[in-house]
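In: Mind looking at a prediction? Sequence and model below.
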Protein chains: 2
Amino acid sequence: MNFSVDKSMEILERTPAILNTLLKGISDEWLFNNQGPETWSPYDIIGHLIHGEKTDWIPRMEIILSGSGERRFEKFDRFAQFEASKGKTIDELLDEFTSIREKNLLLLRSKNLREADLAKTGIHPAFGEVTLAQLLATWAVHDLNHIAQISRVMAAQYKTAVGPWVEYLGILGNTKTT
Amino acid sequence: MNFSVDKSMEILERTPAILNTLLKGISDEWLFNNQGPETWSPYDIIGHLIHGEKTDWIPRMEIILSGSGERRFEKFDRFAQFEASKGKTIDELLDEFTSIREKNLLLLRSKNLREADLAKTGIHPAFGEVTLAQLLATWAVHDLNHIAQISRVMAAQYKTAVGPWVEYLGILGNTKTT
């Protein structure tokens, strides 16, 4: 499938409602349990998504579109949420994510990006030159990645409870952190 | 985490709204593309979930609760949706899933299951004796499994588009069918 801004937007605009539906009002065990040391709970993942809205996707787009200077991205902090989410309820985090995502999509739409813009590049700290199209495709896949991760972490809480069905459920065989 | 009917219900009652949000109104490419031969599209997966509501979870619960005879489950047809979904739009399938899930959860709630009921058993065609608690835990994990699968199949459509970010996105490294 070819990239388009609209195709990415279709995912990006749906994610807040999906996560609100999945996590608001759910029991603490579904929300705060993880898969062991150095793995994330659904609560942790929402904080990570907020940090991405603030420091990753849109700031990197602006660096690319600036078209001048080194256009080198800041390194993304994958652990910022452990400090930033402290003392906040899941409802507060979900509301914050919903609101900043909406703001970011309005900004993205206001850019009226053309083919020439999408081919512009920035410098990623780990793998060098990337295009704006690649950044905006990755933003959408990153959402899907974390929806799948939240589903997996939650499923893992029932790994013992399912008994012999464990062998039919692919989601229970995977403990990757991201 | 210990099993409880309420904990399973928390997942089971959220799934229709999550899938409606994710798939209603989305482009055909997100909906009908799969990951190659013998893999399922999001459209196929909704048909599979409907077939489960009709022939798997509730019928098997009833067999277990009947408490008499052999209590052997029918084998589940993993490919029934390819016939059953023919000619139906995704909105029709999502509405059907939403409605049958609601009906099934009303039925489940009406049983007022106690500990003694949850320990009752049936005979699974592949791995023998299973309890009602295991069946009701599996029903919830099965939902999460397919939410993750839909996310993964959709993400895979952008595997080329993300460029070098492919190595950071665990979801793009996995082509399992279920």
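Out: Yep, it's here.
In: now the helices: where do they sit in chain A?
Out: A:5-12, A:15-23, A:28-32, A:42-55, A:57-66, A:81-84, A:90-110, A:115-118, A:132-156 (DSSP state H).
In: counting contacts, what elements does the first one pack onto?
Out: It refers to helix A:5-12. Here helix A:5-12 touches helix A:90-110, helix A:132-156, helix B:28-32, going by 3 or more CB pairs under 8 Å, 6 or more residues apart in numbering or on different chains; DSSP states H and E. Every residue, glycine included, has its C-beta placed from N, CA and C.
In: The fifth one too?
Out: For helix A:57-66, the helices and strands in contact under the criterion 3+ CB pairs under 8 Å, 6+ apart are helix A:90-110, strand A:121-124, helix A:132-156.
In: Could you pull out the buried residues of that helix?
Out: Of the residues in helix A:57-66, A:57, A:58, A:60, A:61, A:63, A:64 count as buried by neighbour count, 16 or more other CB atoms under 10 Å in any protein chain shown.
In: could those be laid out in JSON lines, adding pLDDT?
Out: Listed next are the buried residues of helix A:57-66 as JSON lines, based on pLDDT from 0 to 100:
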{"residue": "A:57", "pLDDT": "97"}
{"residue": "A:58", "pLDDT": "97"}
{"residue": "A:60", "pLDDT": "97"}
{"residue": "A:61", "pLDDT": "98"}
{"residue": "A:63", "pLDDT": "96"}
{"residue": "A:64", "pLDDT": "97"}
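In: In terms of distance to residue B:39, which of the residues you listed ranks first?
Out: Nearest to residue B:39 among the buried residues of helix A:57-66: residue A:57, at 29.0 Å, using CB to CB.
In: how much space between that closest one and residue A:84?
Out: Relative to residue A:84, residue A:57 is positioned 17 Å away (CB to CB, to the nearest Å).
In: Kindly report the same for residue A:126.
Out: Residue A:126 is 23 Å from residue A:84, by CB to CB.
In: Those two: which has the busier surroundings?
Out: More crowded of residue A:126 and residue A:84, by other CB atoms under 10 Å in any protein chain shown: residue A:84, with 16 against 11.
In: quick one: pLDDT of that one?
Out: Per-residue pLDDT puts residue A:84 at 90.
In: isn't it right next to residue A:47, touching?
Out: Yes - between residue A:84 and residue A:47 there is a contact under CB atoms under 8 Å: 5.9 Å.
In: re the thing from before, highest average neighbour count across the helices and strands packed on helix A:57-66?
Out: helix A:132-156 (a mean of 25; mean count of other CB atoms under 10 Å in any protein chain shown).
In: sorry, back to before: just so I know, which of the helices of chain A lies nearest residue A:72?
Out: helix A:57-66 (7.6 Å).
In: Just want the angle from the closest one to helix A:5-12.
Out: Relative orientation of helix A:57-66 and helix A:5-12, computed by axes from the mean of the first three to the mean of the last three CA atoms, to 10 degrees: 160 degrees.
In: And the helices of chain A, which one averages the lowest pLDDT?
Out: helix A:81-84 (a mean of 89).
In: So what's the gap between stretch A:149-160 and the chain middle?
Out: 18 Å (CA atoms, centre = their mean, to the nearest Å).
In: before we move on, the earlier item: turn the helices and strands packed on helix A:5-12 into a markdown table, columns for distance to residue B:171.
Out: Output for the helices and strands packed on helix A:5-12, formatted as a markdown table (distance: least, CB to CB, whole Å):
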| stretch | distance to residue B:171 |
| --- | --- |
| helix A:90-110 | 19 |
| helix A:132-156 | 4 |
| helix B:28-32 | 15 |
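In: and of these, who's closest to residue A:18?
Out: Comparing the helices and strands packed on helix A:5-12 by CB to CB, helix A:132-156 comes nearest, at 6.3 Å.
In: Counting by contacts, list what that closest one packs against.
Out: Looks like helix A:132-156 contacts helix A:5-12, helix A:15-23, helix A:42-55, helix A:57-66, helix A:115-118, strand A:121-124, helix B:132-156 (3+ CB pairs under 8 Å, 6+ apart).
In: run the last query once more with 7 Å
Out: Packing partners of helix A:132-156 (3 or more CB pairs under 7 Å, 6 or more residues apart in numbering or on different chains; DSSP states H and E): helix A:5-12, helix A:15-23, helix A:42-55, helix A:57-66, helix A:115-118, helix B:132-156.
In: now the ones you listed as a markdown table including distance to residue A:102?
Out: What follows is the helices and strands packed on helix A:132-156, written out as a markdown table (distance: least, CB to CB, whole Å):
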| stretch | distance to residue A:102 |
| --- | --- |
| helix A:5-12 | 10 |
| helix A:15-23 | 7 |
| helix A:42-55 | 10 |
| helix A:57-66 | 12 |
| helix A:115-118 | 22 |
| helix B:132-156 | 21 |
